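Enquirer: just a sequence and a predicted model for now, questions to come.
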Amino acid sequence: MPYALDLDGVLWLAHEPIPGAAEAVAALRAGGEQVLFCTNNSSEPVAAVEAKLENLGVPARGDVLTSAMAVAGRVRAGERVLVCAGPGVAEAVEGRGATAVREGDADAVVVGFHLDFDYGRLRAAATAVRRGARLLATNDDPTYPTPLGPIPGGGAILAAVERASGTAAEVAGKPHQPMVDLVLERLGSRGVVVGDRPDTDGLFARALGFRFALVLSGVTRPGDPVDPAPDEVARDLAALVAAHGYC
């Protein structure tokens, strides 16, 4: 059965690998299972994400789907797109034949997680939307997991732009339909979503019609309220894969 794995909180926390995760992916593949990496983190270009996985010992060329790829599908060739996001979004937008800009009037504004968000970026994005640009977002996750605990995520940045512009965004990443369509195209109608966020990965699994395996190595901690209810819970990816009979 195919596996759609989240990255942040499942394979790593920020730049720190989660113990046993790389070996777990290898065990799944050795067992003949297809593995796809599905992340709402749009900040890095796809090649950088693939390289980060390679550095963990996880071959990933062609097996990474990001929310930047999903949101780029809502952009048309020739459009001027204000990118209130990281290089991953700029890459995906330009791959669609659009022009990525950081300020000025635009046909669309794309908001995503990035570490250099400030008042100037907020003003540019909100102003473009108020002047008629469509507001798109890679994801609406409120937080992002790190080894020191959650930090504000792409959804927190998006909330500021939505409030300042008076406009609700069309969101493309998990659990929304653009990302669902990308995964169904690659994996078909059966599979397992492994993630650390019920409100993102769990809803994503339900939208796909897949099983949802919750791991407790990211945002969700033991005893936290969980909705939707997962089909199974494991300490981390290594424990989950072992429970599925792979070693």
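Expert: Done, it's in. Residues are numbered from 1 along each chain as shown.

Enquirer: show me how far the one helix or strand in the chain whose mean pLDDT sits lowest is from its chain's centre.
Expert: Least confident element among the helices and strands of the chain, by mean pLDDT, DSSP states H and E: strand 143-144 (a mean of 90). Its chain's C-alpha centre and that of strand 143-144 lie 11 Å apart, by C-alpha atoms, centre = their mean, to the nearest Å.

Enquirer: direction included, what does it pair up with?
Expert: Partners of strand 143-144 in the sheet, by DSSP bridges, are strand 151-152 (antiparallel).

Enquirer: helix or strand right after the partner strand?
Expert: Using DSSP states H and E, the helix or strand that follows strand 151-152 towards the C-terminus is helix 154-165.

Enquirer: stretch 147-154: end-to-end distance?
Expert: 18 Å (C-alpha to C-alpha, to the nearest Å).

Enquirer: which residues touch it?
Expert: Contacting residues not belonging to stretch 147-154 are listed as 13-14, 16, 40-42, 67, 85, 111-113, 137-144, 219 [C-beta atoms under 8 Å, 6 or more residues apart in numbering]. Just so you know, the C-beta spots here come from the backbone N, C-alpha and C atoms, and that holds for glycine as well.

Enquirer: mind running it again at 6 Å?
Expert: Leu13, Glu16, Gly112, Phe113, Thr138, Asn139, Asp141, Pro142, Thr143, Tyr144, Val219 (C-beta atoms under 6 Å, 6 or more residues apart in numbering).

Enquirer: what pLDDT does Met179 get?
Expert: At Met179, the predicted lDDT confidence score is 98.

Enquirer: now do the contacts for the residue nearest to the spatial centre of the chain.
Expert: In the chain, the centroid-proximal residue (C-alpha atoms, centre = their mean) is Asn40; its distance is 0.9 Å. The neighbours of Asn40, taking C-beta under 6 Å, 6+ apart as the test, are Ser67, Asn139, Asp141, Gly173, Lys174.

Enquirer: now those residues in TSV, with secondary structure?
Expert: Shown next, in TSV, are the contacts of Asn40 (DSSP: H, G, I helix; E, B strand; the rest coil):
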residue	secondary structure
Ser67	helix
Asn139	coil
Asp141	coil
Gly173	coil
Lys174	coil
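
Enquirer: who wins on neighbours among the contacts of stretch 147-154?
Expert: Within the contacts of stretch 147-154, most neighbours by other C-beta atoms under 10 Å means Thr138, with 39 neighbours.

Enquirer: surely it touches Val171?
Expert: No: Thr138 is beyond contact range of Val171, at 7.7 Å (criterion: C-beta atoms under 6 Å).

Enquirer: returning to what we had before: just the residues contacting the least confident helix or strand of the chain, thanks.
Expert: The set of residues external to strand 143-144 that reach it, using C-beta under 6 Å, 6+ apart, is Pro150, Ile151, Gly153.

Enquirer: please redo it, this time with the cut-off set to 10 Å
Expert: 8-9, 13-14, 40-41, 43, 113, 149-156, 197, 218-219 (C-beta atoms under 10 Å, 6 or more residues apart in numbering).

Enquirer: now restrict those residues to buried residues only.
Expert: 8-9, 13, 40-41, 43, 113, 153-156, 197, 218-219 (16 or more other C-beta atoms under 10 Å).

Enquirer: the helices in this structure, which residues?
Expert: 21-30, 46-55, 67-72, 87-95, 119-130, 154-165, 177-187, 203-208, 237-243 (DSSP state H).

Enquirer: and the angle from the fourth one to helix 46-55?
Expert: If I follow you right, that is helix 87-95. 130 degrees (axes from the mean of the first three to the mean of the last three C-alpha atoms, to 10 degrees).

Enquirer: okay, buried residues for helix 87-95 please.
Expert: Applying 16+ other C-beta under 10 Å to helix 87-95 flags Pro87, Gly88, Val89, Ala90, Glu91, Ala92, Val93 as buried.

Enquirer: kindly report the same for the last one.
Expert: Of the residues in helix 237-243, Leu237, Ala238, Ala239, Leu240, Val241 count as buried by neighbour count, 16+ other C-beta under 10 Å.
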